[in-house]
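A.B. asks: Attaching a predicted model along with its sequence, questions to come.
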Amino acid sequence: MTTQTSLLARFTGFLGGLQRTLLLFVALPLIVVAALSIRIGFEQANRFQENLLKGDLELIARAIQIPVADALAAGNTETLEKALASVFTIGKVYSASVFDVDGRRVAAAGTAGGDLTHSTIPQQLAASGEMREEYGEVEGRQVFSHFLPLFDETGQTKGFIQITRRHDDFTDALSHLTWLAWGLWFLLAVAITSTVLIGHYRGIGRHVGGLLEDMAKVEQGSLDHRIRTDGPSEVAAMARGLNSMLDGIQRSDEALRHQREEEQRLLLQLKDSEKMAAIGRVTRGFAHELGAPLSVIDGRARRLEKYHGSSPDSLRELSDIRRQIQHLAATVRNLLEYSRPAAERIDQVPVEPLLQSMAGIIAAEHEEGAPLSRCKWRKQYLPSGATSTACNWRCSMWFAMPCRQPGPGWKSAPNHDSRT
């Protein structure tokens, strides 16, 4: 069982799916139809062969019918025996016998049987006057017997002739025809199978094989390889469709690669932007931290220059200090410009805390106990666009803030009315 399964697996592995389909649905029906045709033809041939052999016996019997009838009427036994012996030279005969009307054997040649006095054959022949055929047994051997009645001049039955032939003669001829017929059927089956397989290979098998080889190359990574478009129109159309699919896959891969490169570039750009934003935040904080001390130092230097600058050396030193402070302040302003975002967020800044902060800055620069004016405002929040201006104003007050101390250009004002 295992060996049969292994052989079947090897056979199915040797044949492709389309080959098996052609064999099952094309070759096998043709072979079955051929077998049925041969079977029907064989039966017809058997009948023809049997009738031919029987016809030979009938011809032999009719050939000796008249001489045997004359010899039987004349009672000439020698003539009867010669006539019966002549049948062996005419055809292949097993025995020949002559019987009278009652079935007693008068003469015989070859291996003949006994009398037929206890048989119904003589009565049937005498009654019908026609020939009779049947299979029987003579000396333990199966034979075919042909009976032919003998008539006298008045047309009365005087006896009959029995010519026998071995049954093996019929079976041997039929066996020969059987071997010949099934041999032809086998050759026809081989021819049909070979024609189907060779036709499949020449017509479509080799092209499908080439198609599979090309697809295997693509599967192994040769994405630039394209399938050959030769062969039948169906295979060529399939190859063109696969090539179009491969082209589409390659275009999709190329677009995906470009998209990934663009995403990678944007990701790097985003990281750079985040780094620059972080640097800007640090720089902006650093600039704001430096702005207030520089304003205080510049204000104190200006006061010293105004009230204690009688000596040229001290004036020169104070001028150098203020120049360095202004240079550093310019650097701080550049840092603020560099770190300022591209689009500022517009926030609503309350007016009262802003003015109170400015008043506190001014108070820190005045002498202790100096009177400050009260500010009045009409709006609760600064209008849109004035937020950055107000913040810059507060930071730059240190550079342009007037002093309450008496000095050049100072005039005290008891009240100030600031409206926003």
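C.D. replies: It's in.
A.B. asks: Show me what the helix or strand harbouring Glu213 is packed up against.
C.D. replies: Element membership for Glu213 (DSSP states H and E) is helix 206-219. Packing partners of helix 206-219 (3 or more CB pairs under 8 Å, 6 or more residues apart in numbering; DSSP states H and E): helix 233-307. Just so you know, the C-beta spots here come from the backbone N, C-alpha and C atoms, and that holds for glycine as well.
A.B. asks: Run the chain-centre distance for the helix holding Glu213.
C.D. replies: Relative to the centre of its chain, helix 206-219 is centred 13 Å away, using CA atoms, centre = their mean, to the nearest Å.
A.B. asks: what are the ranges of the strands in the chain?
C.D. replies: Ranges of strands within the chain are 95-100, 105-110, 132-138, 141-151, 157-166, based on DSSP state E.
A.B. asks: May I see those arranged in a markdown table, with mean pLDDT as well?
C.D. replies: Shown next, in a markdown table, are these (pLDDT from 0 to 100):
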| stretch | mean pLDDT |
| --- | --- |
| strand 95-100 | 87 |
| strand 105-110 | 84 |
| strand 132-138 | 82 |
| strand 141-151 | 86 |
| strand 157-166 | 87 |
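A.B. asks: any chance you could read off phi and psi for Thr154?
C.D. replies: Dihedral pair for Thr154: phi -90, psi 0, per degrees, to the nearest 10.
A.B. asks: now it: how far from Phe99?
C.D. replies: Distance of Thr154 to Phe99, given as CB to CB, to the nearest Å: 19 Å.
A.B. asks: These two: which has the busier surroundings?
C.D. replies: Using other CB atoms under 10 Å, the more surrounded residue of Thr154 and Phe99 is Phe99, with 25 against 6.
A.B. asks: That one against Arg105, yeah?
C.D. replies: Yes - look at Phe99 against Arg105 with CB atoms under 8 Å: they come within range, at 5.5 Å.
A.B. asks: what touches both of these two?
C.D. replies: Asp115, Leu116 (CB atoms under 8 Å, 6 or more residues apart in numbering).
A.B. asks: what about Val93, neighbour count?
C.D. replies: Val93 has 22 neighbours, counted by other CB under 10 Å.
A.B. asks: List the contacts of it.
C.D. replies: Val93 touches Leu57, Ile60, Val87, Gly110, Ile163, Thr164, Arg165, counting by CB under 8 Å, 6+ apart.
A.B. asks: Would you list the phi and psi of it?
C.D. replies: The phi/psi pair for Val93 (degrees, to the nearest 10) is phi -120, psi 140.
A.B. asks: Give me the pLDDT for it.
C.D. replies: At Val93, the pLDDT value in this model is 83.
A.B. asks: Now for the nearest residue to Leu53 once chain neighbours are set aside, how many residues are close by?
C.D. replies: Leaving out its chain neighbours, the residue that sits closest to Leu53 by CB to CB, 6 or more residues apart in numbering is Phe170, at 5.9 Å. Phe170 has 18 neighbouring residues, counting by other CB under 10 Å.
A.B. asks: residues touching Phe170, list them.
C.D. replies: Phe170 makes contacts with Gln49, Glu50, Leu53, Phe144, as judged by CB under 8 Å, 6+ apart.
A.B. asks: Please tell me how far it sits from Glu289.
C.D. replies: In this view, Phe170 and Glu289 are 131 Å apart by CB to CB.
A.B. asks: tell me the mean pLDDT over the helix holding Glu213?
C.D. replies: pLDDT averaged over helix 206-219 gives 84.
A.B. asks: Show me what counts as buried in it.
C.D. replies: For helix 206-219, a neighbour-count test (16 or more other CB atoms under 10 Å) marks His207, Val208, Gly210, Leu211, Asp214, Val218 as buried.
A.B. asks: from those, which is closest to Tyr135?
C.D. replies: Of all the buried residues of helix 206-219, Tyr135 sits closest to Val208, with 59.9 Å by CB to CB.
A.B. asks: how about the nearest residue to the closest one, chain neighbours excluded?
C.D. replies: Val235 (6.6 Å).
A.B. asks: cool, Phe144 as well?
C.D. replies: What sits nearest to Phe144 in space, not counting adjacent residues and going by CB to CB, 6+ apart, is Arg165, at 5.0 Å.
A.B. asks: again with Arg333
C.D. replies: Spatial nearest neighbour of Arg333, excluding adjacent residues (CB to CB, 6+ apart): Ala287 at 7.9 Å.
A.B. asks: Please verify my assumption that that neighbour contacts Leu336.
C.D. replies: Yes - between Ala287 and Leu336 there is a contact under CB under 8 Å: 4.8 Å.
A.B. asks: If you count surrounding residues, which of those two has more?
C.D. replies: Ala287 (21 against 18).
A.B. asks: what residues go with each domain of the chain?
C.D. replies: The record assigns the chain these domain ranges, following automatic domain parsing: 13-190, 349-404.
A.B. asks: where among these is the average confidence lowest?
C.D. replies: Here the lowest mean pLDDT among the domains of the chain goes to domain 349-404, at a mean of 55.
A.B. asks: Show me what the mean pLDDT comes to for stretch 306-326.
C.D. replies: pLDDT averaged over stretch 306-326 gives 76.
A.B. asks: buried stuff in it?
C.D. replies: Gly309, Leu318, Ile321, Arg322, Ile325.
A.B. asks: what do you get for stretch 222-229?
C.D. replies: The neighbour-count check on stretch 222-229 (16+ other CB under 10 Å) flags Arg226, Ile227 as buried.
A.B. asks: Quick one: end-to-end distance for that stretch.
C.D. replies: One end of stretch 222-229 sits 18 Å from the other (CA to CA, to the nearest Å).
A.B. asks: still on that earlier bit, which one of the contacts of Val93 is nearest Leu266?
C.D. replies: For the contacts of Val93, the closest approach to Leu266 (CB to CB) belongs to Arg165, at 106.7 Å.
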